[in-house]
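Trainee: Have a look at this fold, sequence not included:
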(Lines give C-alpha, C1' and ligand atoms only; values in the text may rest on other atoms or scores of the structure.)
Protein backbone atom coordinates (compact mmCIF):
# COMPACT_ATOMS: atom_id res chain seq x y z
CA UNK A 1 0.00 0.00 0.00
CA UNK A 2 2.89 2.37 0.75
CA UNK A 3 4.34 1.75 -2.71
CA UNK A 4 1.00 2.39 -4.43
CA UNK A 5 0.52 5.68 -2.57
CA UNK A 6 3.39 7.23 -4.55
CA UNK A 7 2.19 6.99 -8.15
CA UNK A 8 5.37 8.34 -9.75
CA UNK A 9 7.53 5.77 -7.96
CA UNK A 10 5.14 3.02 -9.02
CA UNK A 11 5.30 3.94 -12.72
CA UNK A 12 9.03 4.69 -12.76
CA UNK A 13 10.02 1.63 -10.72
CA UNK A 14 11.29 -1.22 -12.86
CA UNK A 15 11.56 0.92 -16.01
CA UNK A 16 15.32 0.38 -16.23
CA UNK A 17 14.92 -3.42 -16.40
CA UNK A 18 12.10 -3.10 -18.95
CA UNK A 19 14.06 -0.66 -21.12
CA UNK A 20 17.12 -2.92 -21.00
CA UNK A 21 15.10 -5.93 -22.13
CA UNK A 22 13.39 -3.98 -24.93
CA UNK A 23 16.80 -2.81 -26.18
CA UNK A 24 17.89 -6.45 -26.19
CA UNK A 25 14.80 -7.33 -28.26
CA UNK A 26 15.71 -4.60 -30.78
CA UNK A 27 19.29 -5.92 -30.86
CA UNK A 28 18.07 -9.45 -31.63
CA UNK A 29 15.78 -8.20 -34.40
CA UNK A 30 18.70 -6.38 -36.01
CA UNK A 31 20.88 -9.50 -35.87
CA UNK A 32 18.20 -11.63 -37.54
CA UNK A 33 17.99 -9.19 -40.45
CA UNK A 34 21.27 -10.81 -41.56
CA UNK A 35 20.73 -14.48 -40.66
CA UNK A 36 17.95 -17.05 -40.28
CA UNK A 37 19.26 -18.98 -37.28
CA UNK A 38 21.90 -18.69 -34.55
CA UNK A 39 23.06 -22.06 -33.19
CA UNK A 40 19.73 -23.59 -34.19
CA UNK A 41 17.55 -20.80 -32.74
CA UNK A 42 15.45 -18.74 -35.13
CA UNK A 43 14.25 -15.23 -34.27
CA UNK A 44 10.99 -16.23 -32.59
CA UNK A 45 12.68 -18.89 -30.49
CA UNK A 46 15.36 -16.44 -29.41
CA UNK A 47 12.76 -13.80 -28.55
CA UNK A 48 10.78 -16.37 -26.57
CA UNK A 49 13.91 -17.21 -24.59
CA UNK A 50 14.51 -13.50 -23.89
CA UNK A 51 10.93 -12.96 -22.76
CA UNK A 52 11.09 -16.14 -20.67
CA UNK A 53 14.14 -14.79 -18.85
CA UNK A 54 12.55 -11.36 -18.48
CA UNK A 55 9.37 -12.82 -17.01
CA UNK A 56 11.30 -14.96 -14.52
CA UNK A 57 13.41 -11.97 -13.51
CA UNK A 58 10.40 -9.63 -13.11
CA UNK A 59 8.39 -12.16 -11.07
CA UNK A 60 11.40 -12.91 -8.90
CA UNK A 61 12.15 -9.21 -8.38
CA UNK A 62 8.54 -8.53 -7.42
CA UNK A 63 7.95 -11.46 -5.07
CA UNK A 64 11.21 -12.62 -3.52
CA UNK A 65 14.07 -10.13 -3.96
CA UNK A 66 12.76 -7.47 -1.51
CA UNK A 67 12.39 -10.04 1.27
CA UNK A 68 15.44 -12.19 0.65
CA UNK A 69 17.75 -9.21 0.14
CA UNK A 70 17.00 -8.16 3.72
CA UNK A 71 18.29 -11.44 5.17
CA UNK A 72 21.96 -10.31 5.39
CA UNK A 73 20.86 -7.15 7.23
CA UNK A 74 18.67 -9.17 9.61
CA UNK A 75 21.56 -11.53 10.35
CA UNK A 76 24.03 -8.69 10.90
CA UNK A 77 21.76 -6.58 13.11
CA UNK A 78 20.20 -9.42 15.09
CA UNK A 79 16.78 -8.54 13.68
CA UNK A 80 16.35 -12.15 12.60
CA UNK A 81 15.38 -12.84 16.23
CA UNK A 82 11.91 -11.43 15.61
CA UNK A 83 11.38 -13.76 12.64
CA UNK A 84 12.62 -16.83 14.50
CA UNK A 85 10.23 -16.19 17.40
CA UNK A 86 7.10 -15.93 15.24
CA UNK A 87 4.82 -19.02 15.18
CA UNK A 88 5.05 -19.36 11.40
CA UNK A 89 7.35 -21.03 8.88
CA UNK A 90 10.64 -19.07 8.89
CA UNK A 91 11.29 -19.47 5.18
CA UNK A 92 7.82 -18.19 4.34
CA UNK A 93 8.01 -15.05 6.44
CA UNK A 94 11.56 -14.20 5.30
CA UNK A 95 10.66 -14.66 1.62
CA UNK A 96 7.30 -12.87 1.67
CA UNK A 97 7.81 -9.98 4.10
CA UNK A 98 8.05 -7.36 1.32
CA UNK A 99 7.12 -6.94 -2.36
CA UNK A 100 8.12 -4.78 -5.32
CA UNK A 101 4.68 -3.98 -6.76
CA UNK A 102 6.06 -1.77 -9.55
CA UNK A 103 7.18 -4.91 -11.43
CA UNK A 104 3.53 -5.71 -12.27
CA UNK A 105 3.61 -3.53 -15.39
CA UNK A 106 6.81 -5.23 -16.58
CA UNK A 107 5.18 -8.64 -16.11
CA UNK A 108 2.14 -7.61 -18.16
CA UNK A 109 4.30 -6.25 -21.00
CA UNK A 110 6.46 -9.39 -21.07
CA UNK A 111 3.41 -11.68 -21.02
CA UNK A 112 2.06 -9.84 -24.07
CA UNK A 113 5.42 -10.41 -25.76
CA UNK A 114 5.36 -14.15 -24.96
CA UNK A 115 1.80 -14.54 -26.26
CA UNK A 116 2.66 -12.66 -29.46
CA UNK A 117 5.80 -14.71 -30.14
CA UNK A 118 4.06 -18.06 -29.47
CA UNK A 119 1.17 -17.11 -31.76
CA UNK A 120 3.67 -16.14 -34.48
CA UNK A 121 5.66 -19.38 -34.23
CA UNK A 122 5.07 -21.97 -36.95
CA UNK A 123 4.32 -24.82 -34.53
CA UNK A 124 1.14 -26.37 -33.21
CA UNK A 125 0.93 -26.12 -29.44
CA UNK A 126 -1.48 -28.59 -27.85
CA UNK A 127 -2.93 -28.19 -24.37
CA UNK A 128 -0.65 -30.88 -22.82
CA UNK A 129 2.40 -29.18 -24.37
CA UNK A 130 1.33 -25.79 -23.03
CA UNK A 131 0.64 -27.29 -19.60
CA UNK A 132 4.08 -28.91 -19.37
CA UNK A 133 5.66 -25.65 -20.58
CA UNK A 134 3.93 -23.78 -17.74
CA UNK A 135 4.97 -26.44 -15.21
CA UNK A 136 8.58 -26.28 -16.43
CA UNK A 137 8.45 -22.48 -16.12
CA UNK A 138 7.16 -22.76 -12.55
CA UNK A 139 9.79 -25.39 -11.87
CA UNK A 140 12.51 -23.06 -13.15
CA UNK A 141 11.17 -20.31 -10.92
CA UNK A 142 11.52 -22.61 -7.90
CA UNK A 143 15.10 -23.44 -8.88
CA UNK A 144 16.04 -19.75 -9.17
CA UNK A 145 14.41 -19.03 -5.83
CA UNK A 146 16.29 -21.92 -4.20
CA UNK A 147 19.59 -20.76 -5.69
CA UNK A 148 19.12 -17.22 -4.38
CA UNK A 149 18.00 -18.56 -1.00
CA UNK A 150 21.28 -20.49 -0.78
CA UNK A 151 23.25 -17.37 -1.74
CA UNK A 152 21.43 -15.19 0.80
CA UNK A 153 21.91 -17.83 3.49
CA UNK A 154 25.66 -17.40 3.05
CA UNK A 155 25.21 -14.18 5.07
CA UNK A 156 25.61 -16.36 8.18
CA UNK A 157 29.27 -16.79 7.12
CA UNK A 158 30.05 -13.99 4.63
CA UNK A 159 30.10 -10.25 5.38
CA UNK A 160 30.48 -8.83 1.83
CA UNK A 161 27.05 -9.88 0.58
CA UNK A 162 27.04 -7.27 -2.20
CA UNK A 163 29.44 -9.53 -4.12
CA UNK A 164 27.20 -12.57 -3.52
CA UNK A 165 24.11 -10.69 -4.75
CA UNK A 166 25.92 -9.73 -7.97
CA UNK A 167 26.66 -13.42 -8.51
CA UNK A 168 22.92 -14.14 -8.39
CA UNK A 169 22.24 -11.42 -10.97
CA UNK A 170 24.95 -12.77 -13.28
CA UNK A 171 23.55 -16.29 -13.04
CA UNK A 172 20.24 -15.06 -14.46
CA UNK A 173 22.10 -13.27 -17.25
CA UNK A 174 23.95 -16.49 -18.10
CA UNK A 175 20.85 -18.68 -17.98
CA UNK A 176 18.69 -16.74 -20.42
CA UNK A 177 21.07 -17.32 -23.33
CA UNK A 178 20.71 -20.28 -25.73
CA UNK A 179 22.25 -23.35 -24.17
CA UNK A 180 23.98 -24.29 -27.42
CA UNK A 181 26.27 -21.22 -27.40
CA UNK A 182 28.23 -22.65 -24.46
CA UNK A 183 30.92 -25.35 -24.73
CA UNK A 184 29.81 -28.87 -23.80
CA UNK A 185 31.65 -28.81 -20.47
CA UNK A 186 30.06 -25.48 -19.49
CA UNK A 187 26.64 -26.82 -20.49
CA UNK A 188 27.07 -29.81 -18.18
CA UNK A 189 28.10 -27.55 -15.30
CA UNK A 190 25.12 -25.22 -15.87
CA UNK A 191 22.71 -28.17 -16.01
CA UNK A 192 24.00 -30.62 -13.40
CA UNK A 193 25.99 -28.46 -10.93
CA UNK A 194 24.50 -24.95 -11.09
CA UNK A 195 21.24 -25.73 -12.93
CA UNK A 196 20.57 -22.25 -14.26
CA UNK A 197 20.01 -23.46 -17.84
CA UNK A 198 17.22 -25.71 -16.55
CA UNK A 199 15.34 -22.58 -15.44
CA UNK A 200 15.22 -20.72 -18.76
CA UNK A 201 16.23 -23.00 -21.62
CA UNK A 202 14.26 -26.12 -20.72
CA UNK A 203 10.72 -24.57 -20.88
CA UNK A 204 11.46 -22.94 -24.25
CA UNK A 205 13.22 -26.03 -25.63
CA UNK A 206 10.24 -28.20 -24.69
CA UNK A 207 7.79 -25.80 -26.32
CA UNK A 208 9.70 -25.89 -29.61
CA UNK A 209 10.15 -29.68 -29.41
CA UNK A 210 13.87 -29.83 -28.59
CA UNK A 211 13.68 -31.30 -25.08
CA UNK A 212 13.28 -35.00 -24.32
CA UNK A 213 10.90 -36.29 -21.63
CA UNK A 214 13.92 -37.58 -19.75
CA UNK A 215 15.11 -34.00 -19.25
CA UNK A 216 11.56 -32.96 -18.29
CA UNK A 217 11.62 -35.47 -15.43
CA UNK A 218 15.20 -34.46 -14.60
CA UNK A 219 14.19 -30.79 -14.25
CA UNK A 220 11.61 -31.64 -11.57
CA UNK A 221 14.17 -33.74 -9.72
CA UNK A 222 16.57 -30.79 -9.82
CA UNK A 223 14.02 -28.41 -8.29
CA UNK A 224 13.32 -30.90 -5.49
CA UNK A 225 17.03 -31.28 -4.73
CA UNK A 226 17.62 -27.50 -4.84
CA UNK A 227 14.68 -26.85 -2.50
CA UNK A 228 16.05 -29.42 -0.05
CA UNK A 229 19.59 -28.02 -0.32
CA UNK A 230 18.45 -24.43 0.29
CA UNK A 231 16.60 -25.56 3.41
CA UNK A 232 19.66 -27.40 4.70
CA UNK A 233 22.02 -24.47 4.11
CA UNK A 234 19.65 -22.05 5.87
CA UNK A 235 19.07 -24.33 8.87
CA UNK A 236 22.82 -24.98 9.19
CA UNK A 237 23.38 -21.20 9.17
CA UNK A 238 20.72 -20.61 11.83
CA UNK A 239 22.50 -23.05 14.16
CA UNK A 240 25.57 -20.82 14.17
CA UNK A 241 23.57 -17.56 14.27
CA UNK A 242 24.42 -15.26 17.20
CA UNK A 243 21.23 -13.41 18.10
CA UNK A 244 21.03 -9.81 19.31
CA UNK A 245 20.59 -11.03 22.89
CA UNK A 246 23.72 -13.20 22.94
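Mentor: Arrived safely. Quick caveat: nothing in here was measured; it's all calculated off a predicted structure.
Trainee: Quick one, grab the pLDDT at residue 6.
Mentor: For residue 6, the pLDDT comes out at 64.
Trainee: how far away is residue 93 from residue 75?
Mentor: Taking CB to CB, to the nearest Å as the measure, residue 93 falls 15 Å from residue 75. Where C-beta positions appear, they are placed from N, C-alpha and C, glycine not excepted.
Trainee: ditto for residue 174
Mentor: According to CB to CB, residue 174 stands 27 Å off from residue 75.
Trainee: Residue 199 now?
Mentor: Taken as CB to CB, the span from residue 199 to residue 75 is 26 Å.
Trainee: So which of those two has more stuff around it?
Mentor: residue 199 (30 against 24; other CB atoms under 10 Å).
Trainee: what about this protein, any weak spots by pLDDT?
Mentor: 1-14, 16, 160-165, 168, 243-246 (pLDDT under 70).
Trainee: repeat that for 90
Mentor: 1-130, 141, 144-145, 147-183, 194, 200, 204-205, 207-212, 234-246 (pLDDT under 90).
Trainee: Could you pull out the helices in it for me?
Mentor: Counting by DSSP state H, the chain has helices at residues 2-5, 7-12, 15-31, 43-63, 65-68, 71-77, 80-84, 90-95, 103-120, 127-153, 161-175, 184-188, 196-207, 213-239.
Trainee: Quickly compare the ones you listed and say which is most buried.
Mentor: Of the helices of the chain, the one with the most neighbours on average (mean count of other CB atoms under 10 Å) is helix 196-207, at a mean of 25.
Trainee: helices or strands up against it?
Mentor: Helices and strands touching helix 196-207, as assessed by 3 or more CB pairs under 8 Å, 6 or more residues apart in numbering; DSSP states H and E, comprise helix 43-63, helix 127-153, helix 161-175, helix 213-239.
Trainee: what's the angle between it and helix 127-153?
Mentor: 170 degrees (axes from the mean of the first three to the mean of the last three CA atoms, to 10 degrees).
Trainee: Check the gap between residue 241 and residue 88 for me.
Mentor: Between residue 241 and residue 88 the distance is 18 Å, computed by CB to CB.
Trainee: Make JSON lines from the helices and strands packed on helix 196-207 and add distance to residue 15 to it.
Mentor: As requested, those are exported to JSON lines (distance: least, CB to CB, whole Å):
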{"stretch": "helix 43-63", "distance to residue 15": "12"}
{"stretch": "helix 127-153", "distance to residue 15": "22"}
{"stretch": "helix 161-175", "distance to residue 15": "18"}
{"stretch": "helix 213-239", "distance to residue 15": "31"}
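Trainee: between residue 241 and residue 88, which one's more packed in?
Mentor: For residue 241 versus residue 88, the count of surrounding residues by other CB under 10 Å is larger for residue 241: 15 against 8.
Trainee: got the contact list for the more buried one?
Mentor: Neighbour list for residue 241: 75, 80, 156 [criterion: CB atoms under 8 Å, 6 or more residues apart in numbering].
Trainee: one more time with 6 Å, if that's ok
Mentor: residue 156 (CB atoms under 6 Å, 6 or more residues apart in numbering).
Trainee: So which of the helices of the chain is nearest residue 37?
Mentor: Distance to residue 37, taken as CB to CB, is lowest for helix 43-63 among those, at 8.5 Å.
Trainee: tell me the angle the closest one makes with helix 127-153.
Mentor: Taking the same axes, to 10 degrees, one finds helix 43-63 and helix 127-153 inclined to each other by 50 degrees.
Trainee: Which neighbouring elements make contact with helix 43-63?
Mentor: helix 15-31, helix 103-120, helix 196-207 (3 or more CB pairs under 6 Å, 6 or more residues apart in numbering; DSSP states H and E).
Trainee: Give me the contacts around the last one.
Mentor: Helix 196-207 is contacted by residues 48-49, 52-53, 133, 136-137, 140, 143-144, 171, 174-176, 179, 190-191, 211, 219, 222 when judged by CB under 6 Å, 6+ apart.
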